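Participant: no sequence on this one, just coordinates:
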């Protein structure tokens, strides 16, 4: 075999020299530095020669000296002898010759090594010519000593020094792997060029003026600075024409070279401003910063992040580094120029997939990295793929950096399971929309909880509801270690009901959950049997956290010595007696009744009290009474409220026997949390899921034909995405009573795929229909006339618009049409931009809406993050934007438990032993409780529920002009039923209303009467001049109400005609019921003395019924789930 040696060309002498002088970065850098030092030394030696030289003495060869001395000099002639000859001492000459020899040898060697076949290209280079001019004359003086004092322009070596400096900096950047140095290089080139011009001009003027004014170096420096700065004093000027010519040449060169350098510098500066520069390593090591990675930065996204991030006091010293691949737009640039943000926000243009850009952002030293998806993209799956790659790139580059990732679609969530915190938009969106249908305004409740606020919004408003609503909106979720808390006395180890009642009655704090020290799972209301431990971490709702609170004991509470005797004294009273006596409300401990947790109302106290005392409430027991705990039979065919059905419910109960409880056999995506639900024993055929088309199993073609007992919940969406699965699961959870299950109809623009149908076919009363809310026939077929809620999901295809805020235009107009056609329908809408909420249920002439708009502007000027909270649709929970939940991800940086608590509240996660969110309505039978504190005590002593807030509906107060309009309508024979709620309730007014109603019905059936009424109104308008101004105003209001009635009648007739055309019954269509005279709002953790009102809805966190189920039931449950999924395994969509 032949031995082959590779890369033999690199073993030659020339290649080795080239490797040392050119290719090797470090050795080449040393050669450049040595060359630069030589050039600076030559310039320094020239300055020394000038300082030691005397131009009055003649120097040079003897022959030339004699000839020059014999000439007669006149002022008109130039003495060239001082210009040609200089005084150069022998040591100085020796040093300059040595420097010249070394420089020439190095230049020749580098020229040889870089030779590429064209000799003239090497010779005609400016650095090579300058080297020849400065070095060859010194070598000649070695062989011709008489020329030792010949003038040589050594000062031109400054340009060679500049060239060597540029090469040295380039090699330096290559050696340290620094690529972002264009700006530094350009500044260095500009400064060195300017210095070389000035130095050349100084030395040239000084030498030429040896035959003129005999200027020194300082005089030449003074002249150059004055001349180049365009000041031009004129006290120092050149006298001979060579020096004048040099000044002209240098000025021309400066006018050409310097503008080019400045232009390149300005261009690089602009490019650097666009890219954002770097975040220095020194700042990263001495300051704390977080990195925000986005694909496109919008002003709303930026302000939401900054306002929420810097709302926390301990984050005021943090810096925010934004890494975005697109150029900063004008709005973002203006905001980042504000001093409040310019000192704390750094914008870097770059990609998270490039290590160089991640290094610029110093992400390995960052406290956290937030990666947000672009929800405005039409292809949301592609947006998720970009987010996944960014998360992978950051994790690969900085494994220890905490990741906070926002994902859009749930099927992509398992790709980023390694992230510390993940928020899936569609999961949260559909879960909130589902809970809005059974717990009104859940979306508003969650939004207010995850926003940082001090509760100061609306405090200057004259409206009482706005003050209460704004003050309660400041409640947030906080945590505290029980042993470090001043809320609890030392060695507190009592049951949860005692603890939560103690906190609420003394401090107004709502305890919602706990977490054991040895367990990572958070338990919301773990139940009355839970015993608190000193190592537990407690989660509570309050205006501010305990560390920022000051406690002032009131006189009506127990004195300090009594409290001490309770905890440390010899006489230990029963704990429930002490806590009951120290409450903020008067309570009686005689009645110990309780109600079932599934009951719709609270148990009334026993009647027969003759002393007129307040109705009693049971005490909060130290040890939970086992009889008051709700148990749940997992496989019972009857729900909790069906144990004793009446005769009227026999048929309904037989229908519910078909239902069972278990885990859904199929999930449409990987990563969904298993939830115990109401299921069918056998899955429904796909053909039976289609609502509007009959099949061999049934012949129903519209929702009315099914004869549902409960009202429908309709969801209008573009496609049946996997996130829609999270809308169905909370509505079919096992803790929902079977009698209260509402049929779900999915109104889809596009047919669903088989994977989705296979996931929903196990749930009872779930149907779909292909149609659109743009089509009135589709709405009527799916049962909109007897629906409880209509949920409108923003369409993905409209999210990308030329104008960002126009992405919601189609959704808003469609919802407005629904609102006009079906005014009694409860519509829940999702929007992309929160600013568009002001267009929901829009009324152009509504004075109250205009007043709320002014209030919103005032709150925004005050810097509120919740300026939109007073809009009636948002306060009532009828509209929300998923972008408002972005703060959940931002807040998790400070409160790492917020995502887990929110998922538990929404039912996305089900931790064993953790409670769930539900609601109860205050009826007339419950008003005996009177206050929120007594309700809290009642629930603690009976069911163990934790109330966290109130949803209140009030009648909207009408202005004086609106009241006058209602009064004027009573004078004509036209019915306007939308004002009936504001009419006087006296008997005479009721009779008058009944007469108007009968007249109105006749007019709707007879167009002739309607036409005569219009003619009568026109005759009234012609007689206006004969009446007073007050009468004319009243007639004008009557005429406007007439036209309003006509429009509403036309809409009603349109709907009824379409229903008749489709063969649907018009019975039950309530075309006049309107909720425009009511307003609803949420009170989160209201004060204990808040009085309960009729129809208040109380939000409850109810204990998990499965927490007290025997093990036998659990085994039966598992066997049932295994039976369901035994023979029906299919591929899961990834």
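Facilitator: Thanks, I have the structure now. Keep in mind that what you see is a predicted model, and the values were worked out from it rather than measured.
Participant: which residues does the closest residue in space to residue 155 that isn't next to it in sequence contact?
Facilitator: Spatial nearest neighbour of residue 155, excluding adjacent residues (Cβ to Cβ, 6 or more residues apart in numbering): residue 203 at 3.8 Å. Where you see a C-beta, it was placed from the backbone N, CA and C, and this is true even at glycine. When contacts are counted by Cβ atoms under 8 Å, 6 or more residues apart in numbering, residue 203 touches 46, 50, 153, 155, 217, 220.
Participant: tell me the contacts of the nearest residue to the first one once chain neighbours are set aside?
Facilitator: What sits nearest to residue 46 in space, not counting adjacent residues and going by Cβ to Cβ, 6+ apart, is residue 154, at 4.2 Å. Applying Cβ under 8 Å, 6+ apart, we find residue 154 in contact with 42, 43, 45, 46, 49, 96, 134.
Participant: Per-residue pLDDT of residue 154, please?
Facilitator: On pLDDT, residue 154 comes in at 90.
Participant: same deal with residue 1107?
Facilitator: Note on residue 1107: pLDDT of 69.
Participant: got it, and residue 866?
Facilitator: Here the pLDDT value assigned to residue 866 is 79.
Participant: That one touches residue 474, doesn't it?
Facilitator: No - taking contacts as Cβ atoms under 8 Å, residue 866 lies outside contact range of residue 474: 9.4 Å.
Participant: shared neighbours, those two?
Facilitator: Shared contacts of residue 866 and residue 474 (Cβ under 8 Å, 6+ apart): residue 453.
Participant: more crowded one of those two?
Facilitator: The residue with more neighbours, out of residue 866 and residue 474, is residue 866; 23 against 20, by other Cβ atoms under 10 Å.
Participant: Show residues contacting stretch 314-326.
Facilitator: Stretch 314-326 is contacted from outside by 276, 279, 283, 287-297, 302, 305-306, 309-310, 344-352, 357-358, 361-363, 366-367, 893-894, using Cβ under 8 Å, 6+ apart.
Participant: Where does pLDDT dip in the stretch 251-400 of the chain?
Facilitator: Within the stretch 251-400 of the chain, the segments meeting pLDDT under 70 span 272-278.
Participant: Run through the helices of it in chain order.
Facilitator: Using DSSP state H, counting those that start in this stretch, the helices of the stretch 251-400 of the chain run over 281-286, 299-309, 330-336, 339-342, 355-360, 380-397.
Participant: tell me, what residue is most central in this protein?
Facilitator: residue 886 (3.3 Å; Cα atoms, centre = their mean).
Participant: which residues does that residue contact?
Facilitator: 301, 304, 305, 308, 372, 406.
Participant: Tabulate these (TSV), appending neighbour count and distance to residue 859.
Facilitator: Output for these, formatted as TSV (neighbours: other Cβ atoms under 10 Å; distance: Cβ to Cβ, whole Å):
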residue	neighbour count	distance to residue 859
301	19	21
304	19	16
305	23	20
308	22	16
372	23	26
406	25	27
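Participant: how about CSV for those residues, with distance to residue 1066 added?
Facilitator: Shown next, in CSV, are the contacts of residue 886 (distance: Cβ to Cβ, whole Å):
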residue, distance to residue 1066
301, 47
304, 47
305, 51
308, 50
372, 49
406, 47
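Participant: circling back: kindly reformat the helices of the stretch 251-400 of the chain as a markdown table containing distance to residue 838.
Facilitator: Output for the helices of the stretch 251-400 of the chain, formatted as a markdown table (distance: least, Cβ to Cβ, whole Å):
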| stretch | distance to residue 838 |
| --- | --- |
| helix 281-286 | 42 |
| helix 299-309 | 15 |
| helix 330-336 | 20 |
| helix 339-342 | 26 |
| helix 355-360 | 39 |
| helix 380-397 | 26 |
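Participant: Of all the ones you listed, which one comes closest to residue 19?
Facilitator: Of all the helices of the stretch 251-400 of the chain, it is helix 355-360 that lies closest to residue 19, at 27.7 Å by Cβ to Cβ.
Participant: Return the distance of that closest one from the chain's centre.
Facilitator: A distance of 24 Å separates the centroid of the chain from that of helix 355-360, by Cα atoms, centre = their mean, to the nearest Å.
Participant: for that helix, packing partners?
Facilitator: Helix 355-360 sits against helix 380-397, with contacts defined as 3 or more Cβ pairs under 8 Å, 6 or more residues apart in numbering; DSSP states H and E.
Participant: which helices and strands does the helix it packs on pack with?
Facilitator: Contacts defined by 3+ Cβ pairs under 8 Å, 6+ apart place helix 380-397 against helix 355-360, strand 368-371, strand 403-407.
Participant: who touches the following helix or strand past the last one?
Facilitator: Per DSSP states H and E, the first helix or strand lying C-terminal to strand 403-407 is strand 421-424. Residues outside strand 421-424 that contact it (Cβ under 8 Å, 6+ apart): 402-410, 413, 416, 723, 885, 888-889, 892, 896, 899.
Participant: give me that answer again for 6 Å
Facilitator: 404, 405, 406, 407, 410, 413, 416, 888, 889, 892, 899 (Cβ atoms under 6 Å, 6 or more residues apart in numbering).
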